[in-house]
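A.B. asks: Structure for the following, please:
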Amino acid sequence: MPYYDKHKKRHVGQIRINGRYIRKFFHTQKEAYKWEIEQAAEPAQKINSISLIEFFTKYLEFSEQKHSLKTFEEKKRAFRLLLKSIPANTMVQTITRMMILEHLKKQASSRSGNGANKDRKNLIAAWNWGSRYIDHFPAGNPCFVDRFPEIRERRYVPPEKDFWAVFDQAKNEQDRAMLLAYLHLGARRNEIFTLRWSDIDFAGQQIKLYTRKRRDGSLEYDWLPMTDALLVLLMEWKKSALQEWVFPDPETGQPYIVRRKWIMGLCKRAGVKQFGLHGIRHLTASILMQADVPLIDIKDILRHKNISTTERYIHRLKSVRVSLRVLEGKFRQDEKGELTGNSPNKNSVLTLAS
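C.D. replies: Below is the predicted model of the structure:
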């Protein structure tokens, strides 16, 4: 029989199948009672019901094999938070759009709109997976709720001089080689974390970088040439290496998962504005752009799948900069004889050489 949940302030319809309760929330007792009758009339369809915790467990087993560790942990966190709002034994077919919306509203309020939208994305992906692979799984996706307003800050790209100030603060060979690898390869964080010595061809002066940054989550690799400076540092570091990983965590002997405190500590000691490892990748792109390296070459160095990705934050920035120079010329013409300014030194070109 239906009952009233004082905490949720809703009427709850419930039926029991194979020793498990299936519950659903309603605004009125009449709606809850009607639903109970309808469910009792079709018990055969509910034999293969699956609870929320069972569903999440199946999906995470799949995700652990398919996705990167960072993505897997992100999904696990999203599910853990949802289970604080909705009981783990709730049957998936009783999940409503309103239940998901209320949960995400709390996340947007307590964390941020960015965080809520990230959870929304992971819940949608999980539900779509369940619809494809789990028998009798509800086809309608209740996680398709409205997105929340976000406050996005533009990623900070450090000046080249700040990078070298941080580089000088790295006191051991491993950390210095790691920093230079990020700059000279334009690498993503995990591409360097998971680098093996077998991925480095010293004779051919090239390096193999693996990534899962693809639509289907498959692991792919690209060969990149190494600069002379990076080759020398890696050869020196290899003399002290004791295992397969190029940059292992000395505490575990395994690849790093995060090094946020490390890079932030170096920034603090160098007395520069804090930046992250991905900011170095953007710095690489910025240096190449200012040196007038062709866009197609920058795409290959950054290993973007489509050149449009490279254009979004390289070519567009370049075209805007040219437009702003037109305004600068207008300012000088109008103010000639009254105000003067220092024009940019066009002969100054940033290079990747250390």
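
A.B. asks: Can you pull out the residues in contact with stretch 136-153?
C.D. replies: Residues outside stretch 136-153 that contact it (CB atoms under 8 Å, 6 or more residues apart in numbering) are 45-46, 48-50, 55, 92-93, 95-97, 99-101, 104-105, 108, 112-114, 116-117, 120, 123-124, 126-128, 130-131. All C-beta atoms are positioned from the backbone trio N, CA, C, and that covers glycine.

A.B. asks: from those residues, which ones fall inside helices?
C.D. replies: Per DSSP state H, helices hold the following members of the contacts of stretch 136-153: 55, 97, 99-101, 104-105, 108, 113-114, 116-117, 120, 123-124, 126-128, 130-131.

A.B. asks: returning to that earlier point: can you go through the contacts of stretch 136-153 and name the buried ones?
C.D. replies: Buried residues within the contacts of stretch 136-153, counting neighbours by 16 or more other CB atoms under 10 Å: 46, 49-50, 55, 92-93, 95, 99-100, 104, 108, 113, 116-117, 120, 123-124, 126-127, 130.

A.B. asks: What pLDDT does the model give the residue nearest to Thr96 when sequence neighbours are not counted?
C.D. replies: Take Thr96 and drop its neighbours on the chain: the residue closest to it by CB to CB, 6 or more residues apart in numbering is Pro142, 5.7 Å away. Predicted confidence (pLDDT) for Pro142: 94.

A.B. asks: Kindly report the same for Arg152.
C.D. replies: For Arg152, the pLDDT comes out at 67.

A.B. asks: Same question for Asp5.
C.D. replies: At Asp5, the model reports a pLDDT of 83.

A.B. asks: Surely it is in contact with Val12?
C.D. replies: Yes: contact criterion CB atoms under 8 Å: Asp5 and Val12 qualify, at 5.2 Å.

A.B. asks: Mutual contacts of those two, please.
C.D. replies: Common neighbours of Asp5 and Val12 (CB under 8 Å, 6+ apart) are Phe25.

A.B. asks: Those two: which is more packed in?
C.D. replies: Remark: of Asp5 and Val12, Val12 carries more neighbours, 20 against 11, as counted by other CB atoms under 10 Å.

A.B. asks: confidence score at the more buried one?
C.D. replies: So Val12 comes in at 84 (pLDDT).

A.B. asks: who does the helix or strand it falls within pair up with?
C.D. replies: Secondary structure assignment for Val12, by DSSP states H and E: strand 10-17. Strand 10-17 has these partner strands in its sheet, going by DSSP bridges: strand 3-5 (antiparallel), strand 20-26 (antiparallel).

A.B. asks: what distance separates the shortest one from the centre of its chain?
C.D. replies: So the one you mean is strand 3-5. The chain centre lies 41 Å from the centre of strand 3-5; the measure is CA atoms, centre = their mean, to the nearest Å.

A.B. asks: Contacts for that strand, please.
C.D. replies: Strand 3-5 is touched from outside by 10-12, 14, 25, 29, with contacts defined as CB under 8 Å, 6+ apart.

A.B. asks: for this structure, which spans come out with low pLDDT?
C.D. replies: 16-21, 41-48, 152-153, 213-217, 312-354 (pLDDT under 70).

A.B. asks: show me where it has strands.
C.D. replies: 3-5, 10-17, 20-26, 200-201, 206-211, 220-225 (DSSP state E).

A.B. asks: Point out the most buried one among the strands paired with strand 10-17.
C.D. replies: The highest average neighbour count among these, using mean count of other CB atoms under 10 Å, belongs to strand 20-26 at a mean of 18.

A.B. asks: Would you mind pulling the contact partners of that one?
C.D. replies: Applying CB under 8 Å, 6+ apart, the contact partners of strand 20-26 are 2, 5, 8, 10-16, 32, 35, 39, 46, 49, 51, 89-91, 93-94, 96, 98-99.

A.B. asks: how far is that strand from where the chain is centred?
C.D. replies: With CA atoms, centre = their mean, you get 35 Å for strand 20-26.

A.B. asks: Format the strands paired with strand 10-17 as CSV; extra columns: distance to Ala291.
C.D. replies: Shown next, in CSV, are the strands paired with strand 10-17 (distance: least, CB to CB, whole Å):
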stretch, distance to Ala291
strand 3-5, 64
strand 20-26, 61
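
A.B. asks: His304 is nearest to which of these?
C.D. replies: Nearest to His304, of all the strands paired with strand 10-17, is strand 20-26, at 45.7 Å by CB to CB.

A.B. asks: for the stretch 201-350 of the chain, what spans make up the helices?
C.D. replies: Here the stretch 201-350 of the chain has its helices, by DSSP state H, counting those that start in this stretch, at 228-238, 260-270, 277-290, 295-302, 307-313, 315-335.

A.B. asks: Alpha carbons of the shortest one, as CSV, please.
C.D. replies: Read that as helix 307-313. Extracted in CSV, the C-alpha atoms of helix 307-313 (Å, rounded to 0.1, in the frame of the first residue of the first chain):
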residue,chain,number,x,y,z
ILE,A,307,42.6,20.7,-37.1
SER,A,308,39.5,22.6,-36.0
THR,A,309,40.4,21.8,-32.4
THR,A,310,43.8,23.4,-32.9
GLU,A,311,42.2,26.4,-34.6
ARG,A,312,39.9,27.1,-31.7
TYR,A,313,42.7,28.2,-29.4
